[in-house]
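[1] Whatever this is, show me its structure:
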Amino acid sequence: MILNAIASHPDKAAAVVMVATDGVYFLSPHPGLDTQLSDAMGDWSKGEKRDLCLFKPGIYWDDSSRERINLGEAPRFKARGINAKDFSRSIADVDALFDSWSPDSAPGVTWPKVEFHSRFTQISVLQALQWSEGTKGHDQQEGKYRHLAGQVINGKKLEQDSKPDIKRNPATLRYDADRGIWRTQPWDHKGWPESTPYERRFGTDNENSAWDEYQTPDGSVMMSFREALYAG
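    Next comes the predicted model:
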């Protein structure tokens, strides 16, 4: 549905700002989708974002987020993997850094990178196991980090960097004056990193789970159902 929506937009891929798991953001309305809007599951719905800032995949905000922050209200924006309230203090700095970009300086710009303190972070079981796995072959005790699983850290300094060099080539940065946005291009196929499949979540059955095909980046569909029903 997403690919068909892009292909049928009057400006096609040039109108695409971002593709999400279950949606697509365009720079202009899609005239062909207005007749398909409904509240039914699987159908298209529509919303509008003003002055959208795509800091990095999974972290973005618009004017509605800025207004809530300015009013001292709880921020609402997409912040995958970080605490939105903790990161919200950095939004004005990121906006200012992006606003300072000049088309004359691309691609030699400095990509916004911010540091902030997280009030609450926790080392997951998977992280502890991965760190322990990384000690194999060194003069360190195998599994030495396993005891850190579940450890809570308050006030930890975190860093978020907007430079997209893992999947996109920063050297291709250019300003699209016709549309008023900055764009980069994906790496060519020779330099493209191999896609990493989502790993089975820690604690799931190892074999022949009936829910295997319903795993998502946020966990299993069954777990989402349980959380929605407050079943733990």
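[2] What lies in contact with stretch 168-181?
    Contacts with stretch 168-181, where a contact means CB atoms under 8 Å, 6 or more residues apart in numbering, come from 14, 17, 27, 101, 103, 106-107, 109, 111, 163-164, 182-188, 191. C-beta here means a position set from N, CA and C on the backbone, and glycine is covered the same way.
[3] Those, buried ones only, as a PyMOL selection?
    Selection of buried members from the contacts of stretch 168-181 for PyMOL, criterion 16 or more other CB atoms under 10 Å:
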select buried, resi 27+101+106+109+111+164+184+187
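[4] Just the ones of the contacts of stretch 168-181 in strands?
    Judged by DSSP state E, those include 17, 182, 183, 184, 185, 186 as members of strands.
[5] I'd like these laid out as JSON lines, including pLDDT and distance to residue 76.
    Converted to JSON lines, the ones in strands among the contacts of stretch 168-181 look like this (pLDDT from 0 to 100; distance: CB to CB, whole Å):
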{"residue": "17", "pLDDT": "92", "distance to residue 76": "19"}
{"residue": "182", "pLDDT": "93", "distance to residue 76": "24"}
{"residue": "183", "pLDDT": "92", "distance to residue 76": "27"}
{"residue": "184", "pLDDT": "91", "distance to residue 76": "27"}
{"residue": "185", "pLDDT": "89", "distance to residue 76": "31"}
{"residue": "186", "pLDDT": "85", "distance to residue 76": "30"}
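[6] looking at this protein, which helix or strand is least sure?
    Every helix and strand of the chain was ranked by mean pLDDT, DSSP states H and E. The lowest is strand 215-216, at a mean of 58.
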